[in-house]
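Engineer: Got a predicted model here, sequence first, then my questions.
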Amino acid sequence: MKPLDTTVEEVLRLAIQDEVDTRVYYQKMAERAASPAVRTRMLQLSDGELVHRAKLERKYRETIHQAPPDPLPMTVELPYDLVKLDMRHALKHALERERESESNFRFMAERVPNTELGRLFMELAEIEWKHKTDLQAEYDATASSDPDNFLNDI
């Protein structure tokens, strides 16, 4: 496997950027919501990303001893057919987003085991795992309330 060529500063900066990107992603999903409830939930998830970003920025200041740089502006293009999102589908897409983030951080941690950087990747993976677990429980509750749609998500 190719050695990982990065720094703690770069990882934290990219993790902060990922929170910004995910926030925009949830805002775009809110725009395509089929109901006010879905819109509200996606905006709640979007607001949650601000909290995650603030925690990462605090860690950046504590670790790097300077303010984090401003994140890059982000534009998210959702697939054209992702429209009129009901709660089940919106949560499914949010869950996939969190799962992807967790997987990425765990993969990076495996590339630098037993290092400060590896521990940081694992910490970030655990944060994303928590997000994913919370969304999974919410998704399961939503999906189980409509057993006729069980096979639609397989």
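Structural biologist: Arrived safely.
Engineer: Might you report the residue contacts of the residue nearest to the spatial centre of the chain?
Structural biologist: Closest residue to the average C-alpha location of the chain: residue 98 at 4.0 Å, with Cα atoms, centre = their mean. By Cβ atoms under 8 Å, 6 or more residues apart in numbering, residue 98 lies in contact with 128, 131, 132, 135. Glycine gets a C-beta too; all of them are placed from N, C-alpha and C.
Engineer: same for the strand or helix carrying residue 29, what does it pack against?
Structural biologist: If you go by DSSP states H and E, residue 29 is part of helix 8-31. Contact here means 3 or more Cβ pairs under 8 Å, 6 or more residues apart in numbering; DSSP states H and E; on that basis helix 8-31 packs against helix 36-64, helix 87-111, helix 116-144.
Engineer: For residue 20, find the nearest of the ones you listed.
Structural biologist: Residue 20 lies closest to helix 36-64 among the helices and strands packed on helix 8-31, at 6.5 Å (Cβ to Cβ).
Engineer: list the buried ones in that closest one?
Structural biologist: 38-39, 41-43, 45-46, 48-49, 52-53, 56-57, 59-60 (16 or more other Cβ atoms under 10 Å).
Engineer: Ok, stretch 106-124 next?
Structural biologist: Using 16+ other Cβ under 10 Å as the test for burial, stretch 106-124 gives 106, 108, 109, 112, 117, 118, 120, 121, 122, 124.
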